[in-house]
Every structure is written in C-alpha cells, then in structure tokens.
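>>> pasting the structure only:
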Ligand code: GDP
Ligand code: ZN
C-alpha cells in the first residue's frame with residue numbers, strides 16, 4: 001500500500017497564496033474530509049470552506065482534484081490554494097496528518113511521477129533545474145531538458161544500439177563461420193562507427209551544459225599589485241575584494257558570482273603569483289594556480305607602469321584568454337604582438353578607461369561559449385559519466401567486432417545499460433536516491 005504524501009508546493013513563509021499538494025490513494029478521501037463533499041469536477045477549481053475533523057474552520061480556499069492516472073504523479077492528487085499565512089499552512093498540514101497523510105520527502109512527488117512513467121530521469125532533472133534556474137540561460141536549458149530534449153537524444157541512441165545488437169547477435173546465432181567477419185563488418189560496423197562519433201561529439205561540447213548549470217569560470221591572474229582586486233571590484237561593481245598597496249593582500253580566492261548575457265559567471269581574484277612570503281600565502285598561490293588552470297577564461301593582468309610582458313609570458317597564455325594592460329593612466333600601453341586567439345585590452349581599473357570594451361568582450365565570450373545549440377547539451381556529471389561509459393564500451397565492441405563477435409555483443413550490452421541508466425530505464429536505486437534528494441520539498 002502506497003502512502004499518501006503532502007507538502008507545501010509554494011515557498012514557505014508569508015505569502016498571498018500558499019499551495020499545498022497531496023498525492024496517493026488517500027488524496028481523494030482527505031479532500032472530502034477537509035473540503036467536504038461533493039468532490040469537485042476534475043481539474044476545476046472550487047471555492048470551499050476548509051475544516052478540521054471537529055468541524056472548526058481553517059480557511060476559505062480553492063481546491064483542485066486531479067484523479068490519477070492523468071495527474072502529475074500518475075496518482076490521485078489534490079491541491080489546496082489557501083491564504084499564505086504560516087498558521088493557515090500549519091493548520092492545514094495538521095488536518096491532513098489527521099487524515100493519515102504524511103509529509104513528503106524532497107523530490108518525492110517527482111519521483112512518483114518518474115516511477116509511474118510520467119517522465120524519464122533526464123526530464124525529472126530538467127524539472128529540478130527549472131525550479132533552481134536563476135538566469136535566463138539556465139531556464140532555457142532546463143526547459144528544453146524537462147520537455148524531453150536529452151531523453152529524445154538518448155532514447156534515439158538506445159534504439160540504434162538495439163538494432164546494432166540485433167545484427168551482431170543474428171550473426172552469432174547463425175554462425176556460418178567464414179562469413180561472420182565479413183558480414184558483421186558490413187552490417188554492424190558503419191552504424192557502430194556513426195554512433196560512436198555522435199556520442200563523442202556530445203561529450204566534446206566544451207562542457208557547455210554543465211557550465212550553464214554551474215557557472216562560467218573566469219580567473220584574474222597576474223603579479224601582485226597588477227590590479228586584479230581593483231579590476232574585480234570594477235567588474236563586480238562593488239567592493240568584493242580588498243585592495244591595498246601591500247603586495248600579497250589577496251591571500252585566498254575572492255569570488256564574485258554574477259549574471260552575464262543570461263548565464264551565471266564566477267569571477268575569481270587569485271592570490272598574487274609570486275614566491276610565497278609565508279605559508280598562508282603559499283597556500284593561496286597554490287590555489288590560485290589550480291583555479292586559473294581550471295578556469296574557462298583567464299584575464300592576465302600586467303601593470304604597464306612597471307613591466308612589459310615578454311615572449312615567455314605571452315607564450316603561457318592560451319587561445320581564448322585575454323591580456324589586460326592595466327594602469328594606462330600612469331603609462332602608455334605598449335604595443336603587444338599577442339598570440340593567436342588572445343585579445344588585448346588596455347585599461348585603467350582606476351579611471352575606468354577601457355572597461356566597457358573589456359566587459360563587452362567578456363559578455364560576448366560567455367554568450368558564444370554557452371548559448372544553446374541545436375543538439376541538447378548534457379548538463380550534469382552523471383550524464384557525462386554515463387555517455388563516457390557507453391562510448392568506451394562501444395569502442396571495445398568495435399575492436400572485437402569481426403574477430404570476437406560474442407565479446408563485441410557483450411560490450412554493446414554494457415553500452416546499452418549505460419544509456420539506459422541515463423534515462424532511468426534501468427533504475428539503479430542509489431542513482432535515483434541521489435537525483436531526487438537534490439529536489440526541494442514539495443517538488
Ligand atoms: P592586485 O594585487 O593585483 O590585486 O592589485 P590591487 O588591485 O590590490 O592593486 C594594487 C595597487 O594598484 C592599489 O594601490 C591600486 O589602487 C592600484 N591600482 C590598481 N589599478 C590601477 C590603475 O589602473 N591605475 C592606478 N594608477 N593604480 C591602480
Ligand atoms: Zn589582490
């Protein structure tokens with residue numbers, strides 16, 4: 001017997017309206033008990049007095065009845081739209097508990113929807129991301145995923161793989177010894193190659209989808225006093241980092257999260273990269289180097305009143321990075337022959353000169369790297385791991401195809417399981433636990 005669960009679907013706290021939702025076999029009876037018969041027409045709002053079992057009033061509110069299976073969870077569902085005061089919500093929760101309903105775990109409604117086949121695992125994740133979306137880019141990506149973009153991609157691959165498997169196993173079952181290799185090379189080889197190519201292309205997307213979810217990382221690097229903290233403050237438009245004249249003030253990483261071009265961006269000011277003066281700073285330098293290494297883009301700052309970047313310095317920059325010639329209010333910016341793909345910006349963090357051009361470049365870079373493409377992006381490490389496992393198994397299947405078709409078949413099966421784990425077709429309990437635990441209560 002399934003429990004009937006309930007939870008506040010709207011945000012907790014004082015509000016104009018609060019939405020309480022219940023799902024499970026006892027939802028209809030609870031509705032009758034609290035809102036009184038007759039039960040409202042399915043999916044139509046009805047204004048009712050809500051009462052406790054002893055007949056005392058709780059509130060006047062709207063109730064909705066969503067009989068299963070045509071409901072969000074696939075079970076009988078009920079919604080109560082009440083006045084959003086904490087005491088009203090608490091009284092309603094107590095009345096539902098008295099009807100033997102229990103509070104839902106985080107993500108439990110969506111998990112039930114998943115278990116009743118209302119959505120696959122990637123769509124459930126898209127739903128969680130949509131609820132969490134704070135920027136326009138995150139919203140668009142989450143909506144695409146929630147409405148089945150990744151599911152369609154992964155299911156399409158799965159179906160093609162099943163055909164490939166049928167070809168491999170067909171040959172194993174009718175082993176006309178000599179012809180097997182030739183035959184398989186012709187029937188299963190090309191589609192297997194094509195599939196491997198598509199999975200690899202999906203993986204080689206510069207981690208676009210994960211960055212849309214987690215943020216695009218920009219690291220400010222450069223010698224102490226180059227003006228990193230000053231530039232961070234200008235870009236953040238607030239005093240986020242401590243700016244002083246003593247080299248090595250920024251001992252740890254100061255990070256500013258902001259929205260640029262509709263995407264989340266993390267700007268990190270790193271400790272000055274110099275010989276560590278003490279242990280604390282050495283740790284700061286170590287972290288700065290690691291952060292700079294992982295960052296999507298590095299802004300390399302130079303104080304033009306003190307130095308001119310030489311060939312060695314320039315050689316360490318990567319395509320996509322930018323070289324910032326700072327303090328142009330003190331000295332003229334030198335002419336620099338920057339490596340290919342490295343943009344140069346003469347600026348003054350003190351006067352603001354050149355900042356607009358730099359910001360336009362940052363925004364364009366973020367937009368360029370993160371904007372939606374035609375094919376959906378994988379948005380979580382879980383997807384990346386699953387696709388990596390599948391592509392590795394497919395590669396081994398390809399290697400064994402003509403010599404050891406039975407081994408190729410086993411590898412293709414392993415790839416199939418990896419793809420099915422992505423959509424939740426084969427449910428691995430701990431994966432489900434992990435995915436749904438990230439949801440908020442009431443979803
Ligand atoms: P960091 O060590 O790279 O983080 O450098 P800071 O941002 O702390 O700046 C070091 C010193 O340079 C401070 O005294 C800043 O006020 C000064 N400074 C930073 N940018 C400029 C600039 O564009 N022009 C001038 N004149 N001084 C600057
Ligand atoms: Zn600093």
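Cool, the structure landed. Because the structure is a prediction, the values reported are computed rather than measured. Ligands and ions are numbered 1, 2, ... in the order given.

>>> what residues go with each domain of this protein?
5-116, 124-205+378-424, 211-370 (the TED database).

>>> ends of stretch 209-224, how far apart?
Stretch 209-224 has an end-to-end distance of 34 Å (C-alpha to C-alpha, to the nearest Å).

>>> same check on stretch 429-443?
First-to-last residue span, stretch 429-443, C-alpha to C-alpha: 19 Å.

>>> which of the domains of the chain has the lowest average pLDDT?
Lowest mean pLDDT within those: domain 211-370, a mean of 84.

>>> for that one, the distance to its chain's centre please.
26 Å (C-alpha atoms, centre = their mean, to the nearest Å).

>>> ok so, going back, nearest to ligand 2, out of the domains of the chain?
domain 211-370 (3.1 Å; C-beta to the ion). For glycine as for every other residue, the C-beta is placed from the backbone atoms N, C-alpha and C.

>>> which helix in this structure runs the most residues?
Ranked by number of residues, the top helix in the chain under DSSP state H is helix 149-173.

>>> orientation of the helix or strand that that helix is followed by relative to helix 149-173 in degrees?
Using DSSP states H and E, the helix or strand that follows helix 149-173 towards the C-terminus is helix 179-187. Put simply, helix 179-187 runs at 160 degrees to helix 149-173, going by axes from the mean of the first three to the mean of the last three C-alpha atoms, to 10 degrees.

>>> and the following helix or strand past helix 179-187, what's buried?
Using DSSP H and E, the helix or strand that follows helix 179-187 in sequence is helix 189-203. Residues of helix 189-203 classed as buried: 192, 195-196, 198-199, 202 (neighbour count, 16 or more other C-beta atoms under 10 Å).

>>> got it, and stretch 152-161?
153-155, 157-158, 160-161.

>>> how about the residue in the stretch 1-150 of the chain positioned nearest to ligand 1, what does it touch?
At 27.4 Å from ligand 1, residue 135 is the closest residue in the stretch 1-150 of the chain, using C-beta to the nearest ligand atom. Residue 135 sits next to 259, 262-264 when contact means C-beta atoms under 8 Å, 6 or more residues apart in numbering.

>>> now do residue 255
266-269.

>>> still on that earlier bit, in which helix or strand does the residue lying closest to the residue of the stretch 1-150 of the chain closest to ligand 1 once chain neighbours are set aside reside?
Nearest residue to residue 135, sequence neighbours excluded (C-beta to C-beta, 6 or more residues apart in numbering): residue 259, at 4.9 Å. Element membership for residue 259 (DSSP H and E) is strand 254-260.

>>> now swap in residue 119 and tell me
Using DSSP H and E, no helix or strand contains residue 119.

>>> tell me how far it lies from ligand 2.
47 Å (C-beta to the ion, to the nearest Å).

>>> quick one, helices of the stretch 1-150 of the chain?
Here the stretch 1-150 of the chain has its helices, by DSSP state H, counting those that start in this stretch, at 27-35, 86-98, 108-115, 121-132, 136-146, 149-173.

>>> for these, could you give me CSV that also reports distance to residue 62?
Below are those laid out as CSV (distance: least, C-beta to C-beta, whole Å):
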stretch, distance to residue 62
helix 27-35, 10
helix 86-98, 13
helix 108-115, 19
helix 121-132, 22
helix 136-146, 26
helix 149-173, 33
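
>>> which stretch among those comes nearest residue 358?
Across those, residue 358 has its closest neighbour in helix 136-146 (20.9 Å, C-beta to C-beta).

>>> that closest one versus helix 121-132: what angle between them?
150 degrees.

>>> what comes up buried for helix 136-146?
137-142, 144-146.

>>> dump these to TSV, plus distance to residue 366.
Below are the buried residues of helix 136-146 laid out as TSV (distance: C-beta to C-beta, whole Å):
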residue	distance to residue 366
137	9
138	13
139	16
140	14
141	14
142	18
144	19
145	20
146	23
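
>>> the closest residue to residue 140 other than its chain neighbours - how many residues pack around it?
Nearest residue to residue 140, sequence neighbours excluded (C-beta to C-beta, 6+ apart): residue 372, at 6.0 Å. Using other C-beta atoms under 10 Å, residue 372 is surrounded by 15 other residues.

>>> still on that earlier bit, would TSV of the contacts of residue 255 with distance to ligand 2 and neighbour count be doable?
As requested, the contacts of residue 255 are exported to TSV (distance: C-beta to the ion, whole Å; neighbours: other C-beta atoms under 10 Å):
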residue	distance to ligand 2	neighbour count
266	17	19
267	13	25
268	11	23
269	6	29
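
>>> which of these lies closest to residue 228?
Lowest distance from residue 228 to the contacts of residue 255 (C-beta to C-beta) belongs to residue 269, with 5.1 Å.

>>> excluding its backbone neighbours, what's nearest residue 219?
Closest to residue 219 by C-beta to C-beta, 6+ apart is residue 295, at 3.7 Å.

>>> and that neighbour, its phi and psi?
phi -60, psi 150 (degrees, to the nearest 10).

>>> how about residue 363?
phi -60, psi -40.

>>> which residues touch it?
Taking C-beta under 8 Å, 6+ apart as the test, what residue 363 contacts is 260-261.

>>> hmm, back to that, count of neighbours near the residue nearest to residue 135?
15.

>>> any idea how far residue 266 is from the residue nearest to residue 267 when sequence neighbours are not counted?
Nearest non-adjacent residue to residue 267, counting by C-beta to C-beta, 6+ apart: residue 256, 4.6 Å away. In this structure, residue 256 lies at 7 Å from residue 266, with C-beta to C-beta, to the nearest Å as the measure.

>>> cool, residue 52 as well?
50 Å.

>>> so what's residue 323 up against?
300, 302, 309, 314, 317, 336, 338, 342-345.

>>> and with 6 Å instead?
300, 338, 342, 344 (C-beta atoms under 6 Å, 6 or more residues apart in numbering).

>>> how about JSON lines for the domains of the chain, with distance to residue 440 added?
Converted to JSON lines, those look like this (distance: least, C-beta to C-beta, whole Å):
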{"stretch": "domain 5-116", "distance to residue 440": "6"}
{"stretch": "domain 124-205+378-424", "distance to residue 440": "6"}
{"stretch": "domain 211-370", "distance to residue 440": "16"}
